[in-house]
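**Student:** Any chance you could fold what I've pasted below:
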Amino acid sequence: VTVAESGGGVVQPGGSMTLSCTASGGTFNDYAVGWFRQAPGKEREGVSCITPSDSSTYHAGFVEGRFTITSNNAKNTVYLQMNTLKPGDTAVYYCAAGSVLTGRESDYNYWGQGTQVTVSS
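**Tutor:** Below is the predicted model of the structure:
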């Protein structure tokens with residue numbers, strides 16, 4: 001399966017943004033799908049993930065209820081709705097598909113190229 005992200009850009013603090021992750025060459029129903037991010041000078045970290053087959057989700061603690069992950073199985077797409085964005089959310093956001101619903105990078109095998117999200121006034 002190949003995954004591709006879209007929807008990044010620049011947003012002001014307190015604003016919202018939705019990222020999309022679309023699969024090709026396979027179906028997300030067979031995988032767990034996770035969003036990860038990497039800020040400059042920091043390691044990549046798990047943000048949120050979902051198993052589209054049953055809509056189970058996981059969020060990292062720093063999300064604090066601000067982000068929502070959903071899937072549209074008919075479109076083979078997973079969305080990350082991000083609200084109340086902070087400058088600390090600035091990072092390259094990656095989508096990945098794997099076999100286990102976790103926030104661990106090592107559990108994911110198929111990665112997109114990433115999309116830049118910048119939170120700045």
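**Student:** centroid residue for this structure?
**Tutor:** Closest residue to the average C-alpha location of the chain: W35 at 2.4 Å, with Cα atoms, centre = their mean.
**Student:** What strand or helix carries that one?
**Tutor:** strand 32-38 (DSSP states H and E).
**Student:** buried sites along that strand?
**Tutor:** A32, V33, G34, W35, F36, R37 (16 or more other Cβ atoms under 10 Å). Any C-beta I mention is one placed from the backbone N, CA and C, and that applies to glycine too.
**Student:** check contacts around the second one.
**Tutor:** By that I understand V33. With contact set as Cβ atoms under 8 Å, 6 or more residues apart in numbering, V33 has these partners: 3, 21, 23, 49-52, 71, 78, 95-98.
**Student:** one more time with 7 Å
**Tutor:** Going by Cβ atoms under 7 Å, 6 or more residues apart in numbering, V33 touches C21, C49, I50, P52, V78, C95, A97.
**Student:** The third one now?
**Tutor:** For G34, the contacting residues are G46, C49, A96, G98, G103, Y108, taking Cβ under 7 Å, 6+ apart as the criterion.
**Student:** can you check T102 too?
**Tutor:** Taking Cβ under 7 Å, 6+ apart as the test, what T102 contacts is Y58.
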